[in-house]
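>>> Generate a structure from the sequence data that follows.
(2 chains)
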Amino acid sequence: MAQAGKTLHDPALGAQSAARIAAFANVLRANGFAIGLAESRDALAVLASPAGRRSNLLKPALRALFSATREDWRRFDELFEACWRGKGVRKVQPLRGAAASAGQPRPLPSSFPPEAPPGAKESGARDDELGGASTSGDRRDAASSAEALKSRDIRHIADPQEMAKVHALAERFARRMRARLDLRRTIHHSVAHGGTPIDLVWRRRKLRPLRLVLLLDASGSMELYTAFFARFLHAAVDAFREAEAFVFHTRLVHVSSALRERDVARAVDRLALMAQGIGGGTRIGESLADFNRWHAARVINSRTAVVIVSDGYDTGEPERLGAEMQRLARRSRRIVWLNPLLGWRDYEPTARGMQAALPYIDLFAPAHNLESLAALEPYLARI
Amino acid sequence: MPLAREDIASRLAEVGYIADRDLATALWMMDFLKRPLLLEGQAGVGKTEVAKALAALYDAELIRLQCYEGLDQNAALYEWNYQRQLLAIKAREGAGETAERIEEQIFSEKYLLERPLLAAIRRAEAPVLLVDEVDRADEEFEAFLLELLSEYQVSIPELGTISAVTIPRVVLTSNNTRELSDALRRRCLYHYVDFPDVEREAAIILARTPGVASSLAAQIARLVAAIRKEDLRKAPGVAETLDWAATLAGLAIEDLRQSPEIVHDTLICLLKTHEDRARLTRETTQRLIGKVA
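Residues are numbered from 1 along each chain as shown, chains lettered A, B, ... in the order given. Alright, predicted model coming up:
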C-alpha cells in the first residue's frame, strides 16, 4: 500500500490542487489526450475525496478519468509519474500516427503519376456537385458520359475531370447499397390509418448493409493501374462509412487513415508514401495471410464484401494463396476480384496464383475501364 | 450509499469476481462521479463479467443491451405494441368512438413496450445497465446513446419526455471492431481490461471452480498464460480457462504432469479453431507442461 514517501504534499488545498490538475491536464492534452473542462472538474472532485490523499489511488483514478483509448491508457503512467513525482521524462511523447500527421502537410514524394494541385481542387468540387445530385440524375450523368471515356483503358485516364467520374461511380456504389422498406415504421405509420399501410417508410442508412474491404495490388505489374485504383480507393473510403483499404506488394499496409484525407491529391500522396519501399515481386499469398491474421477479425464482419484488385501475378507459392483465399472466403460474405487484365481480349487467367484463387472468388470481373466498373454496380447492390 | 473504494475489491471477491486494484478504483469512481464506465479489451478477458459482478455487488438488477449492426431506437429504447394498437382501433371503431379519442387511447403507457434503455431509467432501484459491444452499433445509435447518458431522459413524441427515476450504473464494452467517437469516450471513464496475470487467474479459478486444488489452479493458470503466448488465432479467454479447469476437476486430475494425454485432449476447451488445434501439437503441449508444471 502507500508508502510514506509516496504521499503527495497536501494536495487538498483548493487553489493549489486546481492549478496542479490544470497543469497536468495541459500536459496530457499536449500528448494527445482529449480532455475537457468536465474531466478537470471531476478530477478536482476526486482529489478532494479520500482517494485524493493517497497517491496510489490517485493514479488509477485519474487514469480511468482522463484516458479515452488504449493508447492513452498505456502512456498514462509515465506522464503521471513525470508530472506528479517530477521524474525526468520528455514533456511531449511522440504522438499517435493519426494525430501527428493531421494538419501538418509535409513535402510528400509522389510515386504515382502526378496530378496538378489546382486540378485536384477542381475534381473535389465536381465530386460534391455530383454527390448532391439526385440518384437518377447522376446515374444518367455517369451513364451518358462520353463513350470514349467509358471504354478507354484506365491506364490512359489522367484528367482530373475524368477522375471525378471515378469518384462519383464509387459513391453511387455506396448509395445503391442502402435503402430498403422499413416494415416496422410503415406499420407504425399505418396505425394512424387504421392499419392500412398508406405511407411507405424507407429504411435509409439504418441497416448499413455492407462493409467494404479493399485490397489493392500495387506491384510493378500493376503499376499502370495503381494510380487509378488509388483514387478509386479514396472515393470508396470516402463514400462508405465502413470501408477499410489495404495496399500490398511484398507486404501489406493498412492505408485507411491516409485515405480519410479529404483532399484527393494529398490522400494519394500519403498513400504513395505509405506504400513506398515495398517494391519487388508481388506476394499475394503472404499479404493475404498477413491480412487474415492481423486485420481480418477487426475489419471483417458478416456483411463484408472483400474486393481484391490485382492481376494475379504472384511470385509466392500458389498453394499458399489458395489456402489464404479459402480462409478469407470463410470469413467474408463475398469476394470480388477485379483484374484489369481480364479486359484484354486474349487474356486467360492462367497465372498460377490466379488459378489457385479462382475457386474462392464470387465475382471475377474486369476492371480496365470505367464501363467495366459501372457494370459491377447491379451486382454490388444485390449483396 | 457509495461504498468506500477499499470495500469494493473485497466485496467483489465475495461475489466471485477477482478484480485488480485499478478496476476497483474505476468502479468506485463510477459511483463517485456518476459517469459510465467504458471497458475495452480482447474478447474473453471478462468485460461482460464486470457488469454482472457490479450488479451482484450492489444487489441491483442487470439490464443488458446487446448491440449489433442496425440496432435502432425501436429495439433499444421503446416500441409501440402495434398489434395491440390495431386490435384496439378495430374494437373501438366498432364501439363507435371518435378518432381523437382512439388516438389518445392507443398512445398511452398501456401500449408502450419497454426496451432495455427505457427500462434502465425507469426502475425505482438503480439498476446496472450493460451496453455490450457498443462498437457494433452504428454511429447514429452511438450519438443517441451519448445523449441519453448525459441527460438521462428520453422523449417519446406521443407521450412526452420521460426523465430518469434513478440514474443507472452504466457499463459499456467494446471489442474495437470500430473506432468509438471521441465524445462518447470522453463521457466515460476508461478501463482497459487485459488478460489476468497468473496469480489473479489462479485466484479466479479457485473462486469459480469448486473442487480444484490451489496447486492445480496455479498450474492451469501458468499453462494458459503460456498458451496465450503461442502464435494462435484466438487466445483463450478466462471463461475458457474456467471451462477447462472444471473439466480437469471433473476428470479428477490433480497434477497436469500426471496425465499429459488427457491435458492435450481436453485442450479443446481452450482452442476453438481448427488451425489453433493443429498448431498446438502433442509435443508442444508436452513442452509447455514441462515448462510450467
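
>>> Wait, B:I268 touches B:L280, no?
No. Here B:I268 does not reach B:L280: they are 10.4 Å apart, not a contact under CB atoms under 8 Å. In short, each C-beta sits where N, CA and C put it, glycine included.

>>> Please say which of the two ends up with more neighbours.
Applying other CB atoms under 10 Å in any protein chain shown to B:I268 and B:L280 shows that B:L280 carries more neighbours, namely 18 against 13.

>>> quick one: B:D135 is in a strand?
No. Per DSSP: H, G, I helix; E, B strand; the rest coil, B:D135 lies outside any strand segment and is helix.

>>> Pull the number of nearby residues for it.
Residues near B:D135, counting by other CB under 10 Å, number 16.

>>> and what of the one 4 residues further on?
Neighbours of B:E139 under the rule other CB under 10 Å: 16.

>>> Need the per-residue pLDDT for it.
We have a pLDDT of 84 for B:E139.

>>> do the same with A:A4
pLDDT, A:A4: 39.

>>> quick one: the strands in the chain?
Chain wasn't specified; assuming chain A. A:180-181, A:202-203, A:211-217, A:243-248, A:252-254, A:304-309, A:334-339, A:363-366 (DSSP state E).

>>> nope, chain B
B:37-40, B:62-66, B:78-80, B:112-114, B:128-132, B:153-156, B:160-163, B:169-174, B:189-192.

>>> quick one: buried residues of stretch B:163-183?
Buried residues in stretch B:163-183, counted by 16 or more other CB atoms under 10 Å in any protein chain shown: B:164, B:168-178, B:180, B:183.

>>> So what's the residue count around the nearest residue to A:R260 once chain neighbours are set aside?
Nearest non-adjacent residue to A:R260, counting by CB to CB, 6 or more residues apart in numbering or on different chains: A:V237, 6.4 Å away. Other residues lying near A:V237 total 24 when counted by other CB under 10 Å.

>>> Break down the stretch 151-293 of chain B into its helices, ranges please.
Here the stretch 151-293 of chain B has its helices, by DSSP state H, counting those that start in this stretch, at B:182-187, B:198-208, B:214-229, B:238-250, B:260-265, B:274-279, B:282-292.

>>> Between the ones you listed, which one is closest to chain A.
helix B:182-187 (3.6 Å; CB to the nearest CB).

>>> Walk me through the domains of chain B.
B:5-77+B:115-192, B:79-109, B:198-292 (automatic domain parsing).

>>> so which residue of chain A comes closest to chain B?
A:A68 (3.6 Å).

>>> Now do the closest residue to that residue other than its chain neighbours: how many residues are near it, please.
Nearest non-adjacent residue to A:A68, counting by CB to CB, 6+ apart: B:R185, 3.6 Å away. Residues near B:R185, counting by other CB under 10 Å, number 21.

>>> Enumerate every residue touching B:R185.
A:34, A:68-69, B:38 (CB atoms under 8 Å, 6 or more residues apart in numbering or on different chains).

>>> how is chain A carved up into domains?
A:4-100, A:210-382.

>>> which stretch in those is the model least sure about?
Minimum mean pLDDT among these: domain A:4-100, a mean of 73.

>>> check contacts around B:A76.
B:65, B:115-117, B:141.

>>> Give me the pLDDT value at it.
pLDDT, read off for B:A76, is 91.

>>> for B:P157, same thing?
For B:P157, pLDDT reads 85.

>>> Surely B:S181 and B:A143 touch.
Yes. B:S181 is in contact with B:A143 according to CB under 8 Å; the separation is 7.3 Å.
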